[in-house]
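Visitor: Build the 3D model from these lines:
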Amino acid sequence: MLKLRQTLCILALAGAMLLGLGATPSMAGTGPNPVVIMDTTMGRIIIMLYPKEAPVTVMNFLRYVDEGFYDGTVFHRIVKMEIDDQKDKKKQQAINIVQGGGYVYPLQRKRPIWDTISNESGRGLINRRGTVAMARGSNPDSAQCEFFFNVQDNPGLDPMLIKKKAWEIEADRDRNIAKASKAGYCAFAKVLRGMDVVDKMLEVKTGRMGQHQDVPISPIFIKKMYRAQ
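Guide: Take a look at the predicted model:
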């Protein structure tokens, strides 16, 4: 009887250890989303990042934050386009964004620390008002440090999905991917507080500075960017 009890205790302990080991990865994925605080000369903006939807993009953004790269940079590009509700085509194409993270004043590009990252626009958030997305060049996989705020819904910045059969769409969802015929811009965060600050930025006067257009006449600085504790 004693031997049987000892055997049962050992089995129970082994089962508990296996359950604990199996629970570790899932628990790691259920932690709170990172929150970043951005102190600017026009006010404070607080954003929440979504690593589950865009893991590579979030990791890249956070390492720039942790390095202090964004401190002292400016918002160098503010695009404000009027929307004509009577013309659906124009409505889809018009964008309103506030872009920063890559230039210092007087306007000069700050050399990125790390290489470009892959574009996760097919699995990231949708470019809706209040989201934050990575800026890039014509190459979909050319994003580095620059980002922008979507000040309105910008569906034209989302990827154009290929038409698929129902079972193919479900399979892609299971793998958490989406294939696109036209690459979009990866939105990886949302504004928690301070969207009023972003709205005020959109209203500042802009002009041309060297080869750059849509540059704020009076510079708007990121004083400091850091993770919330």
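Visitor: The most centrally placed residue in the chain is in what secondary structure piece?
Guide: Centrality entry for the chain: nearest residue to the mean C-alpha point is residue 188, 2.3 Å, by Cα atoms, centre = their mean. Counting by DSSP states H and E, the element that carries residue 188 is strand 187-193.
Visitor: Need the residues that contact that strand.
Guide: 35-36, 44-50, 53-54, 57-58, 61, 120-121, 124-128, 130-134, 149-150, 198 (Cβ atoms under 8 Å, 6 or more residues apart in numbering). Bear in mind the C-beta positions are built from the backbone N, C-alpha and C, glycine included.
Visitor: list the buried ones in that strand?
Guide: Neighbour counts over strand 187-193 (16 or more other Cβ atoms under 10 Å) mark 187, 188, 189, 190, 191, 192 as buried.
Visitor: quick one: the next helix or strand after it to strand 187-193, angle?
Guide: Remark: after strand 187-193, the chain's next helix or strand is helix 195-202, criterion DSSP H and E. Here the directions of helix 195-202 and strand 187-193 differ by 110 degrees (axes from the mean of the first three to the mean of the last three Cα atoms, to 10 degrees).
Visitor: Include pLDDT and distance to residue 202 when you put the buried residues of strand 187-193 into a markdown table, please.
Guide: What follows is the buried residues of strand 187-193, written out as a markdown table (pLDDT from 0 to 100; distance: Cβ to Cβ, whole Å):
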| residue | pLDDT | distance to residue 202 |
| --- | --- | --- |
| 187 | 98 | 17 |
| 188 | 98 | 21 |
| 189 | 98 | 18 |
| 190 | 98 | 17 |
| 191 | 98 | 13 |
| 192 | 98 | 19 |
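Visitor: Can you add distance to residue 77 and give these back as JSON lines?
Guide: As requested, the buried residues of strand 187-193 are exported to JSON lines (distance: Cβ to Cβ, whole Å):
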{"residue": "187", "distance to residue 77": "17"}
{"residue": "188", "distance to residue 77": "19"}
{"residue": "189", "distance to residue 77": "18"}
{"residue": "190", "distance to residue 77": "21"}
{"residue": "191", "distance to residue 77": "18"}
{"residue": "192", "distance to residue 77": "23"}
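Visitor: tell me which of these is nearest to residue 145?
Guide: Closest approach to residue 145 among these (Cβ to Cβ): residue 188, at 13.1 Å.
Visitor: any idea where the strands of this protein begin and end?
Guide: Taking DSSP state E as the criterion, the chain contains strands spanning 35-40, 43-49, 74-80, 96-104, 108-109, 131-134, 147-150, 160-161, 180-182, 187-193, 206-209, 212-216, 222-227.
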